[in-house]
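In: 3D model of this:
(6 chains)
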Protein chains: 4
Amino acid sequence: MGPPDRRPTPDRTVDVPVRNEKKGERTRRKLLEAAEQVLVTYDYHDASIAKITEAAGVAQGTFYLYFSGKKDIFDEVVAELNRKVRHAMTEAARGATSRLEAERLGFAGFFRFTREHPALYRVIRQAEFVSPSALRNHYEKIAEGYFTPLQDAMATGEVAPGDPMILAWSLMAVGEAIGMRWIVWDEAKEVPPEVFDEMMKIITRMLGGSSTEGTTEAVVEQTKRRRGEKV
Amino acid sequence: MGPPDRRPTPDRTVDVPVRNEKKGERTRRKLLEAAEQVLVTYDYHDASIAKITEAAGVAQGTFYLYFSGKKDIFDEVVAELNRKVRHAMTEAARGATSRLEAERLGFAGFFRFTREHPALYRVIRQAEFVSPSALRNHYEKIAEGYFTPLQDAMATGEVAPGDPMILAWSLMAVGEAIGMRWIVWDEAKEVPPEVFDEMMKIITRMLGGSSTEGTTEAVVEQTKRRRGEKV
Amino acid sequence: MGPPDRRPTPDRTVDVPVRNEKKGERTRRKLLEAAEQVLVTYDYHDASIAKITEAAGVAQGTFYLYFSGKKDIFDEVVAELNRKVRHAMTEAARGATSRLEAERLGFAGFFRFTREHPALYRVIRQAEFVSPSALRNHYEKIAEGYFTPLQDAMATGEVAPGDPMILAWSLMAVGEAIGMRWIVWDEAKEVPPEVFDEMMKIITRMLGGSSTEGTTEAVVEQTKRRRGEKV
Amino acid sequence: MGPPDRRPTPDRTVDVPVRNEKKGERTRRKLLEAAEQVLVTYDYHDASIAKITEAAGVAQGTFYLYFSGKKDIFDEVVAELNRKVRHAMTEAARGATSRLEAERLGFAGFFRFTREHPALYRVIRQAEFVSPSALRNHYEKIAEGYFTPLQDAMATGEVAPGDPMILAWSLMAVGEAIGMRWIVWDEAKEVPPEVFDEMMKIITRMLGGSSTEGTTEAVVEQTKRRRGEKV
DNA sequence: AATGAATGAGCTTTCATTCAT
DNA sequence: AATGAATGAAAGCTCATTCAT
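Out: The predicted structure follows:
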């Protein structure tokens, strides 16, 4: 299953000891990094302990000194990726002056992450079958990150009133679908600008705010300006 | 799309010879049905050829007379499920008098299908790792089904102008996310009415049409009437 | 554990197809024979499936077509050995004209078996930890074989009255201990005659019958005569 | 034999430093006690060094400072148990006024020990495969303990003349078999009185002495009296 | 058209033992 | 005197696939 021979198994992880790190901790970290790396190329079933330990440059038995089994390390990898995606989105949206701008920047950040980690994106989705709880946790954490900002924006009228959680899930879903279709499937470096613009028009309508700033036209205009196109 | 295959999913593999069906074709059909059945309970890796052939009542060797391998039959099962979901959605939307109503009915149909086939839903998602091409085909066929109707609705102004394909993907994504979150995760019999209403408010904004009929308020009103609540 | 390198693993079992035996049955029999053979040299834990299948000349996977696991085949081997020992004892005692003579011949038969299968003797005792039920079954079957004859002999006064089962267990125990001490430990070809005679004196007293024939002196006399010694 | 080691078997490894005991000796003792404890619950193969060192509260590596391997410590544990059983039997028989009474008390003591240490009983028998020499040593020491008393009793006519060693082995065997059958298998608190009496009738005959005191009837009478039954 | 016995590579996991610190 | 991280061989077992019948 999966694409087992697209790339050869990476032989070793470069072991750069982190400062103040004990021997045991370093080995654990090496294993975690190796697992992430192996899961880039192989799916859960094909990502064997043998491949992981080989990539980490340790003996097979060593694995069980740090993890109780395959699912255990998988869960940790998922948790780490979750942290990374959320970080990428939050950082991208930082400094936005409106909810809509925050969405635009956040989506752009998410797509950038998707492009930079096309295989890790696969890992997250795989969790649905390997570790449902890890998957739930992933989506819920992202949705929760949306909750308060959307609630606040609803209070100011920037976003149409409603249940912030349902809106959060809807926005998240659109981003994921567009990312899957126009980045992962097309193995593209980015969502084509016209698709992004079109998507933002839809997102704008989903938010349904009343302020001028948030209208479809205004957004398209802003974006074009940013790209240096003429309005 | 005609009404293909109106038989309900068989609970067990009962071999009722179809008229004019040769022996070989019947065996092939038995295997396909058995695979579908087994994949309801087991995921791809646990659904062994042995389980499938046992369920079909044939010897293991027979399997390779009709399918080139495990992935082969999986692809065929996915294709069949795809046919069924699309059929369920199309049938549900039949007779709608507006695009918005068609969406509402279509989503309801999709949720009903999700509720009735919670495990089959999992099968489709699993295709992402087992057979990426099957998965693409699945989503693309659904999206294509949206294309013409949305294009037409844009022409009449019922839906805001734009790229019908991107809107199709966005709508599909929202439905899937809500179905996953409120049916599959909650193991619920249906999406709670208030969630459905809230989602429809968002969908309505996504369509962004100009006709009165399509406004949020109008839709909520219609729905309440249907439920016998006072407006 | 155990003496792992006394003898090399036997490479193959000579496969003499038994008449009217189907392919599957023959493979099963080959595995059973190979297991018995391997268990002669190695103890339960060291008698790996790999060694067994190699000795049988089949692939490892084939093993699981016929046995559910290691314990399964072990139980069958124990059961077969049990059948063999009881057969050896019964055959040996056949034709005895008194209970005491039957005992003498039976013990001699048991010792002969012990001598011919010193390692199989070990296998039986190993069952105590590997498969307690198999072990119980083994001893109980032997004890049961004693029951009726002893009961009958008690009725005729040939053996002192009492509980035949407790006497059966006591006789069995003495035989086993003497066999262990003077055959297995000494790797001897037989229990030394003077030990055997001494043991028979004790056995004679244990039976405690009243008939002249059964007295210690009479037995020793008979035995000496048989050996051609002068009385 | 003096009264060595009157401390009860420790339920847990509590490290009470013994007077004048150096640190190294204490660690060694802790390991030995931990091994005994672990072997009560697990059999040889499942009693891992990890479990033993954990129970002893020392690091795994420390084990090899005191023992050359797993078999080494096992042998020492067996030797200690051997000391304990013999001690239990000797103590029980102390004060007997005849050989027969000594047997009766000795058997009772052995059964009591068996009942109190059902798992340790298993440990001894396991030695047969783990460490044949330890096992031989065990039985030989017990048999030797019988030797002199039986020899003396034969001299006085209390026991029928013969080879004391063969009689010793026979008696030992009967005790072990009855203990296994009616205590270990039945998980009973004691050998049922009627079984014990019946066994003593057999033992009495095995000893085959001439003095009145030793007759079956006399023994049964004594026993009944002890139990307060009327004769 | 069908059988089903046989394959063998590959998996996860355990554990006695070593050795640098 | 003690540590505990690391080892690596070996185990039992599964399963997609083949092929002689």
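
In: Closest residue of chain A to DNA strand F?
Out: A:Gly61 (1.5 Å; CB to the nearest atom of the strand). (Each C-beta comes from the backbone N, C-alpha and C, glycine too.)

In: pLDDT score for that residue?
Out: For A:Gly61, the pLDDT comes out at 95.

In: which regions of chain A sit below the pLDDT cut-off?
Out: Within chain A, the stretches with pLDDT under 70 are A:1-21, A:118-120, A:210-231.

In: what's the helix or strand for the residue nearest to the spatial centre of it?
Out: Residue closest to the average C-alpha location in chain A (CA atoms, centre = their mean): A:Val85, at 3.6 Å. Assessed by DSSP states H and E, A:Val85 sits inside helix A:70-93.

In: next helix or strand past that helix?
Out: Toward the C-terminus, helix A:70-93 is succeeded by helix A:99-116 as the next helix or strand (DSSP H and E).

In: The helix or strand following that following helix - contacts with which helices or strands?
Out: With elements assigned by DSSP H and E, the helix or strand that comes after helix A:99-116 is helix A:118-130. Helix A:118-130 sits against helix A:23-41, helix A:70-93, helix A:132-156, helix B:118-130, with contacts defined as 3 or more CB pairs under 8 Å, 6 or more residues apart in numbering or on different chains; DSSP states H and E.

In: tell me how far helix A:118-130 is from the chain's mean position?
Out: Chain-centre distance of helix A:118-130: 10 Å, with CA atoms, centre = their mean, to the nearest Å.

In: between that helix and helix A:99-116, how big is the angle?
Out: Using axes from the mean of the first three to the mean of the last three CA atoms, to 10 degrees, the inter-axis angle of helix A:118-130 relative to helix A:99-116 is 90 degrees.

In: hmm, back to that, any residue of the helix holding A:Val85 touching DNA strand E?
Out: Yes: contact of helix A:70-93 with DNA strand E (CB under 7 Å from any atom of the strand) involves A:Lys70.

In: So which bits of chain A are right by chain B?
Out: Chain A comes close to chain B at residues A:1-2, A:43, A:45, A:122, A:125-126, A:128-129, A:136, A:139, A:160, A:162-163, A:166-167, A:169-170, A:172-174, A:176-178, A:181, A:185, A:194-195, A:198-199, A:201-202, A:205-206, A:208, as judged by CB under 8 Å from any CB of the partner chain.

In: Contacts only, for A:Ala127.
Out: Residues in contact with A:Ala127 (CB atoms under 8 Å, 6 or more residues apart in numbering or on different chains) are A:74, A:78, A:134-135, A:138.

In: just the residues you listed now: which is nearest chain C?
Out: For those, the minimum distance to chain C (CB to the nearest CB) is 27.9 Å, reached by A:Phe74.

In: close enough to count as contact, the closest one and A:Phe129?
Out: No: A:Phe74 lies out of contact with A:Phe129 (CB atoms under 8 Å); the separation is 11.0 Å.

In: between those two, what contacts are shared?
Out: A:Tyr44.

In: how close does the closest residue to A:Ala56 other than its chain neighbours get to chain D?
Out: Take A:Ala56 and drop its neighbours on the chain: the residue closest to it by CB to CB, 6 or more residues apart in numbering or on different chains is A:Ala34, 3.7 Å away. For A:Ala34, the distance to chain D (CB to the nearest CB, to the nearest Å) stands at 25 Å.

In: check contacts around A:Ala34.
Out: Applying CB under 8 Å, 6+ apart to A:Ala34 gives the contacts A:13, A:52-53, A:55-57.

In: List just the nearest of the residues you listed to A:Leu100.
Out: A:Thr13 (41.7 Å; CB to CB).

In: can I get the contacts of A:Ala127 in CSV with neighbour count?
Out: Listed next are the contacts of A:Ala127 as CSV, based on neighbours: other CB atoms under 10 Å in any protein chain shown:
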residue, neighbour count
A:Phe74, 21
A:Val78, 24
A:Ala134, 21
A:Leu135, 20
A:His138, 21
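
In: do you know how far A:Tyr139 is from B:Glu128?
Out: Distance check for A:Tyr139 against B:Glu128: by CB to CB, to the nearest Å, it reads 16 Å.

In: that older thread, tell me the one of the contacts of A:Ala127 nearest chain B?
Out: A:Leu135 (9.5 Å).

In: Check the spacing between that closest one and DNA strand E real quick.
Out: 19 Å (CB to the nearest atom of the strand, to the nearest Å).

In: Okay, the nearest residue to that residue once chain neighbours are set aside and A:Asp72: tell me how far apart.
Out: Using CB to CB, 6+ apart and skipping the chain neighbours, the partner closest in space to A:Leu135 is A:Ala127 (4.0 Å). A:Ala127 sits 13 Å away from A:Asp72, going by CB to CB.

In: now A:Pro193
Out: For A:Pro193, the distance to A:Asp72 equals 42 Å [CB to CB].

In: same question, A:Tyr121
Out: A:Tyr121 is 22 Å from A:Asp72, where distance means CB to CB.

In: Would you mind giving the domain segments of chain A?
Out: A:1-67, A:72-227 (automatic domain parsing).

In: Determine whether any part of the last one lies close to DNA strand F.
Out: Going back to what we said before, that points to domain A:72-227. No: Domain A:72-227 does not reach DNA strand F (CB under 7 Å from any atom of the strand); its nearest approach is 14.4 Å.

In: Distance from the chain centre to that domain, please.
Out: For domain A:72-227, the distance to the chain centre is 9 Å (CA atoms, centre = their mean).

In: count of neighbours near the residue nearest to A:Thr148 when sequence neighbours are not counted?
Out: Nearest residue to A:Thr148, sequence neighbours excluded (CB to CB, 6+ apart): A:Pro164, at 8.0 Å. When neighbours are defined as other CB atoms under 10 Å in any protein chain shown, A:Pro164 has 19 of them.

In: which residues does the residue lying closest to the residue nearest to the centre of chain A once chain neighbours are set aside contact?
Out: Leaving aside its sequence neighbours, A:Val85 sits nearest to A:Phe113 (CB to CB, 6+ apart; 5.6 Å). Contact analysis of A:Phe113 by CB under 8 Å, 6+ apart lists A:84-85, A:88-89.

In: before we move on, the earlier item: can I assume the residue nearest to A:Thr148 is in contact with A:Leu150?
Out: Yes: using CB under 8 Å, A:Pro164 makes contact with A:Leu150 at a distance of 4.0 Å.

In: what's around A:Arg28, how many residues?
Out: A:Arg28 is flanked by 19 other residues according to other CB under 10 Å.

In: is it true that it touches A:Tyr66?
Out: Yes: checked against CB under 8 Å, the pair A:Arg28 and A:Tyr66 is within contact range at 4.5 Å.

In: sorry, back to before: which secondary structure elements does the helix or strand containing the residue of chain A closest to DNA strand F sit against?
Out: Counting by DSSP H and E, the element that carries A:Gly61 is helix A:60-66. Secondary structure elements in contact with helix A:60-66, counted by 3+ CB pairs under 8 Å, 6+ apart, are helix A:23-41, helix A:49-56.
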